[in-house]
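> got a sequence here, can you model it:
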Amino acid sequence: MREKLPSLVAMVLLLILVAGTWWAADYTQRSLEVDPPRRFTHEPDSWAQNFILVRTDEQGRALNRLEGKHMLHYPDDDSYEITSARAVSNQADSPIIIATSNTAIMDQDGSRITLIGDAHAQRLPDAERKPLDVRSEVLVILPDEDVVHTEEPALVVNGNSTMRGKGMRYNNTTRQLEVFSASDVKISGQDRQERQSSSNP
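All right, here's what the predicted structure looks like:
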C-alpha cells in the first residue's frame, strides 16, 4: 500500500491540474470575446491629396470626374469628405456641367455629392443654349440622374434672366429647371425672343 501511495497522490494531483486548467480555459473564454464586433466611429481611416476620381461607361468614355486637394474616407458610413472640390458631369447627349465648392461629401456609393460652402454649378453653353449658373451654400449633385438640386436659397442665372428662390432642381437630361418659392424673378426680353424664334419653324 505504501508503494502505491506516491502513484495515487501523483494521479490525484494530475487530475486536479487538468481540472484547474480546464476551468481556467473555460472561464477565460466566457470572460473575453474571442472576436469582438468591429467598432465603427466617424473617424477617417484613409486619405488622399490632389486626387482625381473618374467614372467611365462601358466604352471607356469619362462620364463623371471628381477632384480635390484633400480627401478623407470615413468607414462608418462609407463617405468621403473633399476639400476644394470640383465635379464635372459629361453625360452623353447632355451639356457639360462643372460644379465647385469649398467642401464636398460623397456618399451612397458615389450616387450623391453634396457641395457645401460657396457652391457653384455651371452648365456650359452650347449651340442651342446659353450658360446656366446656380449658386447656393449647398448644392446636391446626383451623377447617375444628371440632376442638381438644393433646398437652400439659390441664385439662378439662365442666359440674361435671373431667379432667386429657396430651393431649385435642374435636370440636365431633360433641361428642365424648377425654382421653388421664387422671391425675385427677372426674365430678359432678349431670352424670351430667342425662345420664340427657336420654337418657330
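> quick one: low-confidence parts of the chain?
Across the chain, the ranges flagged by pLDDT under 70 are 1-6, 8-9, 12, 31-40, 188-201.
> where do the helices sit along the protein?
Applying DSSP state H to the chain gives helices spanning 5-31, 189-199.
> leaving aside the residues next to it on the chain, what's closest to Asp107?
Computed as Cβ to Cβ, 6 or more residues apart in numbering, the closest residue to Asp107 that is not its neighbour in sequence is Ser79, at 4.0 Å. C-beta here means a position set from N, CA and C on the backbone, and glycine is covered the same way.
> what does Lys69 give?
Nearest non-adjacent residue to Lys69, counting by Cβ to Cβ, 6+ apart: Ser84, 4.2 Å away.
> need the strands for this structure, in chain order.
Applying DSSP state E to the chain gives strands spanning 46-56, 62-74, 79-89, 97-107, 112-123, 132-142, 147-158, 161-171, 176-179, 182-186.
> the third one relative to strand 46-56, how many degrees between them?
Read that as strand 79-89. When axes from the mean of the first three to the mean of the last three Cα atoms, to 10 degrees is applied, the directions of strand 79-89 and strand 46-56 differ by 30 degrees.
> so which elements touch strand 79-89?
Secondary-structure packing of strand 79-89 (3 or more Cβ pairs under 8 Å, 6 or more residues apart in numbering; DSSP states H and E): strand 62-74, strand 97-107, strand 112-123.
> swap the cut-off to 6 Å and go again
Judged by 3 or more Cβ pairs under 6 Å, 6 or more residues apart in numbering; DSSP states H and E, strand 79-89 is in contact with strand 62-74, strand 97-107.
> hmm, Ala99 is touching Ala87, no?
Yes. Ala99 is within contact range of Ala87, at 4.6 Å (criterion: Cβ atoms under 6 Å).
> separation between the residue nearest to Lys69 and Arg30?
Using Cβ to Cβ, to the nearest Å, one gets 53 Å for the distance from Ser84 to Arg30.
> do Ser89 as well
Taking Cβ to Cβ, one finds Ser89 at 56 Å from Arg30.
> so for these two, which sits in the more crowded spot?
When Ser89 is set against Arg30 and neighbours are counted by other Cβ atoms under 10 Å, the residue ahead is Ser89, at 24 against 8.
> TSV please, covering the helices and strands packed on strand 79-89 and showing distance to Arg164 and mean neighbour count.
Shown next, in TSV, are the helices and strands packed on strand 79-89 (distance: least, Cβ to Cβ, whole Å; neighbours: other Cβ atoms under 10 Å):
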stretch	distance to Arg164	mean neighbour count
strand 62-74	28	17
strand 97-107	19	20
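> Val138 is nearest to which of the ones you listed?
Closest of the helices and strands packed on strand 79-89 to Val138 is strand 97-107, at 8.6 Å (criterion: Cβ to Cβ).
> CA atoms only: put that closest one into CSV for me.
Only the C-alpha atoms of strand 97-107 are listed here, as CSV (Å, rounded to 0.1, in the frame of the first residue of the first chain):
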residue,chain,number,x,y,z
ILE,A,97,-21.8,70.7,-66.0
ILE,A,98,-18.9,71.9,-63.8
ALA,A,99,-19.5,72.4,-60.1
THR,A,100,-17.2,73.6,-57.4
SER,A,101,-17.4,74.2,-53.6
ASN,A,102,-15.2,74.7,-50.5
THR,A,103,-16.1,71.2,-49.3
ALA,A,104,-18.0,68.2,-50.6
ILE,A,105,-19.4,65.0,-49.2
MET,A,106,-19.7,62.0,-51.5
ASP,A,107,-21.8,59.1,-50.2
